[in-house]
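> Let me see the structure of the following:
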Amino acid sequence: MNVDKKRITHYLHDILSNTRDIANLLKEYSDDEIIGNKHLLKSLKYSLLEISESMSLVLQHILAKQHGIPVKGYIDTIKKAADYNIIPQGLSVSLKPFFDFRNALVHRYWVIDDKILLDNCKLGLKDFFAFIETIEKFLSGSET
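Okay, here's the model as predicted:
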């Protein structure tokens with residue numbers, strides 16, 4: 001089976017849009033301003049949630065269509081994507097905290113330290129762009 005490039009491209013656009021939103025937020029406001037403003041913090045968290053969701057949907061689709069591999073949740077998705085060389089192992093390790101964050105936010109079973117989240121977010125921006133680039137290279141090498 002072949003992957004749906006249009007579907008994946010849509011998800012990549014969502015990732016790029018949210019990553020740019022985060023980059024702009026980080027440029028416009030200081031850490032203290034972001035942490036002190038619940039609306040900015042919620043905006044950051046929501047963008048991270050959308051990025052994680054879209055990344056997961058991309059990887060789940062590729063795993064299913066290209067390899068016939070089912071996944072059991074977000075963490076399993078990022079692990080199997082590296083196992084099947086869809087993304088590099090190093091990128092998988094770098095992105096895993098954002099998948100963990102997604103689970104924590106949705107299921108509310110972990111108290112999220114906003115300062116650590118903000119620091120991870122700053123470091124993670126390059127990984128979001130790297131994910132997009134990796135998947136675009138994958139798409140250019142696969143058939144429709």
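
> Could you count how many residues lie near the nearest residue to Thr134 once chain neighbours are set aside?
Spatial nearest neighbour of Thr134, excluding adjacent residues (CB to CB, 6 or more residues apart in numbering): Ile87 at 5.3 Å. Backbone N, C-alpha and C define where each C-beta goes, glycine included. By other CB atoms under 10 Å, the residues close to Ile87 number 23.

> Lys42 now?
10.

> and the longest helix seen in the chain, what's its mean pLDDT?
The single longest helix within the chain, with elements called by DSSP state H, is helix 38-67. Averaging pLDDT along helix 38-67 gives 93.

> Which elements pack onto that helix?
Other elements packing on helix 38-67 under the criterion 3 or more CB pairs under 8 Å, 6 or more residues apart in numbering; DSSP states H and E are helix 5-28, helix 31-36, helix 74-83, helix 89-107, helix 114-141.

> what's the angle between that helix and helix 114-141?
Relative orientation of helix 38-67 and helix 114-141, computed by axes from the mean of the first three to the mean of the last three CA atoms, to 10 degrees: 30 degrees.

> So Lys72: helix, strand or coil?
coil (DSSP: H, G, I helix; E, B strand; the rest coil).

> Quickly note the distance from it to Ile78.
The gap separating Lys72 from Ile78 is 12 Å, by CB to CB, to the nearest Å.

> center of the chain, which residue is that?
The centroid of the chain falls nearest to Ser52 when counting by CA atoms, centre = their mean (3.4 Å).
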